[in-house]
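Trainee: Provide a 3D model corresponding to the input given below.
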Amino acid sequence: MDSIKPCPPPTESKISKTFQKIFSLKKSARNPSNPGFCLLIPQEKLRCCESENFEKDFKEEVEDSKNRAAMEAFVAKLFATVSAVKAAYAELQMAQFPYNNEAIRSADQAVVDELKALSELKHNFVKKKIDSSPPHVTLMLAEIQEQQSLTKTYEITMKKMQGEIENKEAQISVFQQELQDITEKNKSVEKMLNASGSFSILDNVKFSDVNPKDFVTVLHYALRSVRNFVKFLIREMEAANWDVEAAANAIQPEVAFNKRDHNHKGFAFESFACKEIFSGFNYPYFSVKNDQPLPESDDQRRVFFFEQFKKLKSTSVIHFLKNNPHSLFGKFLKCKYLQMVHPKMEFSFSGNLNQRKMVNSGEYPETEFFKGFAEMGRRIWLLHCLAFSFNQEVSIFQVKKNSRFSEVYMESVTDDIFAAGDGDFRVAFTVVPGFKVGQMVVQSQVYLFPAKV
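Mentor: Numbers count the residues shown, from 1 in each chain. Predicted structure coming up:
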């Protein structure tokens, strides 16, 4: 029996080579940086794959562009429809004032149609039916529609505003006519009361109980005549072809008047009239030379001036002057006329100096100009006599230019100035002087300007 021979052991080189292959495969599996096996892909197949990917990306890009264009066109249609709804609604409102049945029916149907179009867009968006072919044409048409709707809305708004302007102008015309009628009526009533020898405002002033309240009442009564005379003076200047603006600037130089309101220049003439007519107010005889001495005691002096007040308070000024040509009031009026009315001014108004000659000789003309001046002088004289009838001191004061505005001592002649500044205002000039009656202050009236920061 043959003995079995063992197989010879593998050679060392084969075993080592086998293990090296196994270890290298495991190592490549653990280490991704080592690609392990490398497959060679033919260039034709590679170019084919790249072409397929490019076409796929291109198709997606084109599809996105189409969707974006369709969405832009849809949004443009949406805005155009909303603008059309607004235009139709504005037209509906316009048709109601004034009421127009046919226009209302037409505008109402237009609103309904546009709301239906808006509702249809909503349903299309919900169902994702926003395709617009071609989108660029839809976009352009939508923009044209939106511009047309906006233009229509603006036109309707302009018509509405024009109608409101016309209504306001009509109301202003009516109010101006009413104001003119009331002014004429007041003038006729005042003339009638003066002619009849009574005036209720002055009749309420009694010597036994004169008080600062009476002074304020008579002051306002006097200032109305000052403003009436200033208006008459400006009309005469315009009729004589005067440059009213240049005259106002000459009276109050370096003052920036409100150019939008021509009445502001009248304050310059009013300031001139008040400054001249109130000059000497603090003196018993108003700076008029008089040989008649005043009573020595204070009580007798008060009675004397109140009697002067009573003589002139309820009479026609021309009638009084003719009957009392050498009275204290007559001397006061003569002095003030020659002081205030320049010869060149009088000559330009009437073409001569006859009025000046008559006044200078102690006579009093019955022209409208002199009557207006005399009535202003009468009321200022009454205020002066009343002031010296008080048992307390009455003094007058002017506010210096560029003084800071104070609500205690001043009031503005215009209200619009307070909307033009931040609260720091200065005095351009005093229009009406202020007064102190004992401890009470009657505010001066001033023309203000906002202080520069």
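
Trainee: which SS class is residue 431?
Mentor: Secondary structure state of residue 431, per DSSP: H, G, I helix; E, B strand; the rest coil, is strand.

Trainee: show me what contacts it?
Mentor: Shown in contact with residue 431 (CB atoms under 8 Å, 6 or more residues apart in numbering): 267, 270, 271, 274, 413, 444, 445, 446, 447. C-beta coordinates here come from the backbone N, C-alpha and C atoms, glycine included.

Trainee: One more: residue 392?
Mentor: Contacts of residue 392 by CB under 8 Å, 6+ apart are 437, 438.

Trainee: Please apply the same query to residue 230.
Mentor: For residue 230, counting by CB under 8 Å, 6+ apart, the contacting residues are 266, 269, 270, 273.

Trainee: try 6 Å this time
Mentor: 269, 270, 273 (CB atoms under 6 Å, 6 or more residues apart in numbering).

Trainee: measure it to residue 266 for me?
Mentor: Computed as CB to CB, to the nearest Å, the residue 230 to residue 266 distance reads 6 Å.

Trainee: Also residue 374?
Mentor: The gap separating residue 374 from residue 266 is 21 Å, by CB to CB.

Trainee: Tell me which of these two has more neighbours.
Mentor: residue 374 (26 against 20; other CB atoms under 10 Å).

Trainee: wait, what's in contact with the residue lying closest to the more buried one once chain neighbours are set aside?
Mentor: Nearest residue to residue 374, sequence neighbours excluded (CB to CB, 6 or more residues apart in numbering): residue 317, at 4.5 Å. Residues near residue 317 by CB under 6 Å, 6+ apart: 374, 375, 378.

Trainee: which residue sits closest to residue 328 in space, ignoring its chain neighbours?
Mentor: residue 290 (6.1 Å).

Trainee: in a helix, that's where the one you found is, yeah?
Mentor: No: counting by three-state DSSP, residue 290 falls outside a helix, being coil.

Trainee: since we're on it, how many residues are nearby?
Mentor: 12.

Trainee: and it, what pLDDT?
Mentor: In this model, residue 290 is scored at 74, pLDDT.

Trainee: Could you tell me how far it is located from residue 284?
Mentor: 9 Å.

Trainee: for residue 316, same thing?
Mentor: Residue 316 is 26 Å from residue 284, by CB to CB.

Trainee: Kindly report the same for residue 68.
Mentor: Here the criterion is CB to CB. By it, residue 68 lies 96 Å from residue 284.

Trainee: Comparing the two, which residue is more hemmed in?
Mentor: Set residue 68 next to residue 284 and count neighbours by other CB under 10 Å: residue 284 wins out with 16 against 11.

Trainee: pretty sure residue 151 is in a strand, no?
Mentor: No: counting by three-state DSSP, residue 151 falls outside a strand, being helix.

Trainee: Pull the number of nearby residues for it.
Mentor: 12.

Trainee: go on, the one 5 residues further on?
Mentor: By other CB under 10 Å, 20 other residues sit near residue 156.

Trainee: can you check residue 155 too?
Mentor: Residues near residue 155, counting by other CB under 10 Å: 14.

Trainee: can you pull the pLDDT of it?
Mentor: 80.

Trainee: Please report the distance of it from residue 113.
Mentor: Taken as CB to CB, the spacing of residue 155 relative to residue 113 amounts to 20 Å.

Trainee: How about residue 265?
Mentor: 58 Å.

Trainee: again with residue 106
Mentor: 11 Å.

Trainee: Secondary structure class of residue 445, three-state.
Mentor: Applying three-state DSSP: residue 445 is strand.

Trainee: what's the closest non-adjacent residue to it?
Mentor: Per CB to CB, 6+ apart, closest to residue 445 is residue 432, 3.9 Å.

Trainee: likewise residue 277?
Mentor: Residue 277 sits nearest to residue 380 (CB to CB, 6+ apart), 5.2 Å away.

Trainee: In what element of secondary structure is the one you found found?
Mentor: Element membership for residue 380, per DSSP states H and E: helix 368-387.

Trainee: And the strands in the protein?
Mentor: In the chain, the strands defined using DSSP state E lie at 394-397, 410-412, 425-432, 434-437, 440-442, 444-450.

Trainee: Which one, of these, ends up nearest to residue 346?
Mentor: strand 425-432 (24.3 Å; CB to CB).

Trainee: Using CSV, list the CA coordinates for that closest one.
Mentor: Extracted in CSV, the C-alpha atoms of strand 425-432 (Å, rounded to 0.1, in the frame of the first residue of the first chain):
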residue,chain,number,x,y,z
PHE,A,425,-41.8,136.6,15.7
ARG,A,426,-40.6,140.1,15.5
VAL,A,427,-42.4,143.5,15.0
ALA,A,428,-42.0,145.0,11.6
PHE,A,429,-44.0,148.1,12.6
THR,A,430,-46.9,149.2,14.8
VAL,A,431,-50.2,149.6,13.1
VAL,A,432,-52.3,150.7,16.0
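
Trainee: Make 25 the first number, not 1, from now on.
Mentor: In the new count, where the first residue is 25, that last one comes out as strand 449-456.

Trainee: Give me the distance between the closest residue to residue 127 other than its chain neighbours and residue 135.
Mentor: Closest residue to residue 127 apart from its sequence neighbours, by CB to CB, 6+ apart: residue 119 at 3.6 Å. Look at residue 119 and residue 135: by CB to CB, they are 11 Å apart.
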